[in-house]
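Fold the stuff below for me.
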Amino acid sequence: MTELFFCNVCQQSVPQISLDTGNAVRHGDRVICPDCADTLVIATELEPSKREWSISPIVIVFFTITWAVFAYMYVEQQRFFDAVTASNKEAVSNNNRLSAANTRLERALENKIGDSATRAKIERDKLTSVIENGDNKLRDALSRQANALAEFESLPSQFSAMSSKLNLSQIEISTIADSAREIRAGQLVLRDKISAVERQVAAAPTPVDVEESSFDSRVQSILQDLESSDPNTRFAALEDIADHDDPNLVPYVAPLLYDSYEFCRYQAATTLRQWSALSATPQLIEALDDTFEFVRKEVNAALEAVTKNSVGYNHKDDDAARAASQQAWRDWWKNNG
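Numbers count the residues shown, from 1 in each chain. Just a heads-up that it's a prediction; the model follows:
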């Protein structure tokens, strides 16, 4: 930084270049500008014997005044320099204090910023956690809503399935009711059959005294087959015995109207029809309530053939109508048997 100089006589500023070129004079701390240097004559340090003086009183007065002014100006300049120096020192001190304050402020700001950044990071982490939790809850809620919507959308099909099940249940209930009615009707039929069997036993002709041994060996073999546990054997025996038209064989054939095998019952009615076995009429009447239509039809045909009578029985009628026709046959046989 360029140092600033002032003339100790006139207090004008003295550029450095004036000092460098010799136009201004610097002697110790004293500086004299070029104008004042031209006016003043500075005595050199010569031996007194060599000095030549030619000084007028005016010059002496001038020098006296000049030195007085110079002394005054020097004192004032020193005060000024002291004030400037003090001011500079104060400025430097203030600058140092400002620098220190600025440093403290920067550190405080850094600490504040660091604390704020830390708190901001913590808050950001908290916010991120809250957002993530919120996202998870939202996804869960959306998933539950989607499931609920899917269940809601499936309600029509469920209602349809329930309606179908209800219809099936109603059908099953109706079927059960029909089955119950059929069971009840079957109980009544069974009761009637038991009564019929009782009547049949009472109305059956006295067993013939003809022993199986009185028949020829072929017939005896057939009679043994009629008692076989095999239904096919019994059926074949009925077909074979049909060729032996003998009233003494009726008591052996009539019981097969109640055989467990429906085709045996059918063949027994056919055989009795072929023989015109009038003595088997009570058994034929009780066999009219057979569970199979084709058996009932053949039994009624045998009845009409052996009695030469008809009561209008129809094997396809319902239970009540068939029971009434069966009772008509009983009444007819009671009056005409």
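
Pull out the buried residues from the host helix or strand of Phe263.
Using DSSP states H and E, Phe263 sits within helix 262-275. Using 16 or more other CB atoms under 10 Å as the test for burial, helix 262-275 gives 263-273, 275. All C-beta spots, glycine's among them, are computed from the backbone N, C-alpha and C.

Which strands and helices lie in contact with the next helix or strand after it?
Per DSSP H and E, the first helix or strand lying C-terminal to helix 262-275 is helix 281-286. The contact analysis (3 or more CB pairs under 8 Å, 6 or more residues apart in numbering; DSSP states H and E) places helix 281-286 against helix 57-203, helix 293-307, helix 319-336.

Could you pull up the mean pLDDT of helix 281-286?
Helix 281-286 carries an average pLDDT of 96.

Flag every buried residue along it.
Neighbour-count burial for helix 281-286 [16+ other CB under 10 Å]: 281-286.

So which residue is smack in the middle of the protein?
For the chain, Asn147 is the residue whose C-alpha lies nearest the centre (CA atoms, centre = their mean; 4.8 Å).

quick one: low-confidence parts of the stretch 1-150 of the chain?
The stretch 1-150 of the chain contains residues with pLDDT under 70 at 1-2, 41-56, 59.

Flag the shaky bits of the stretch 151-300 of the chain, pLDDT-wise.
152, 155, 159, 166, 168-169, 186-213.

Stretch 303-311: end-to-end distance?
Distance between the two ends of stretch 303-311: 10 Å, counting by CA to CA, to the nearest Å.

Please spell out which residues along that stretch are buried.
303-307, 311.

quick one: which of the residues you listed is nearest to Gln77?
Nearest to Gln77 among these: Val311, at 170.6 Å, using CB to CB.

My guess is that closest one contacts Trp333. True?
No - the criterion here is CB atoms under 8 Å, and Val311 misses it with Trp333 at 10.2 Å.

the domain parsing of the chain - what is it?
Following automatic domain parsing, the chain resolves into domains at 5-43+57-110, 204-336.

Next, Ser310: phi, psi?
Per-residue torsions, Ser310: phi -150, psi 140 (degrees, to the nearest 10).

what's the answer for Phe5, then?
With angles defined as degrees, to the nearest 10, Phe5 shows backbone torsions of phi -120, psi 150.

So what's the gap between stretch 10-29 and the chain middle?
Distance of stretch 10-29 from the chain centroid (CA atoms, centre = their mean, to the nearest Å) equals 101 Å.

how near is the residue nearest to the centre of the chain to Gly134?
In this view, Asn147 and Gly134 are 20 Å apart by CB to CB, to the nearest Å.

Closest one of the buried residues of helix 281-286 to Ile17?
Glu286 (165.0 Å).

Would you mind measuring from that closest one to Gln274?
As defined by CB to CB, Glu286 lies at a distance of 20 Å from Gln274.

and what of Ala101?
From Ala101 to Gln274 the distance is 143 Å (CB to CB).

and what of Val31?
For Val31, the distance to Gln274 equals 177 Å [CB to CB].

Give me the spatial nearest neighbour of Asp317, chain neighbours excluded.
Nearest non-adjacent residue to Asp317, counting by CB to CB, 6 or more residues apart in numbering: Ser325, 7.1 Å away.

What residues does that neighbour make contact with?
Contact partners of Ser325, counting by CB atoms under 8 Å, 6 or more residues apart in numbering, are 288, 311-314, 317.

if I look at Lys165, how far off is Glu172?
10 Å.

I should have written Gln12 there, sorry.
Using CB to CB, one obtains 133 Å as the distance from Gln12 to Glu172.

and if you look at Asn95?
Separation of Asn95 from Glu172 (CB to CB): 108 Å.

Stretch 217-226: which residues count as buried?
For stretch 217-226, burial by neighbour count (16+ other CB under 10 Å) applies to 219, 222-223, 225-226.

would a markdown table of the residues you listed with secondary structure and distance to Trp329 be doable?
Below are those laid out as a markdown table (DSSP: H, G, I helix; E, B strand; the rest coil; distance: CB to CB, whole Å):
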| residue | secondary structure | distance to Trp329 |
| --- | --- | --- |
| Val219 | helix | 31 |
| Ile222 | helix | 30 |
| Leu223 | helix | 29 |
| Asp225 | helix | 31 |
| Leu226 | helix | 26 |
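
ok, so of those, who is nearest Leu4?
Distances from Leu4 to these, taken by CB to CB, are shortest for Asp225, at 161.2 Å.

Go ahead and confirm the closest one touches Glu239.
No - using CB under 8 Å, Asp225 makes no contact with Glu239, being 10.4 Å away.

Now do whatever helix or strand Arg218 lives in against helix 262-275, angle only.
Of the helices and strands defined by DSSP H and E, Arg218 is found in helix 217-226. Using axes from the mean of the first three to the mean of the last three CA atoms, to 10 degrees, the inter-axis angle of helix 217-226 relative to helix 262-275 is 140 degrees.
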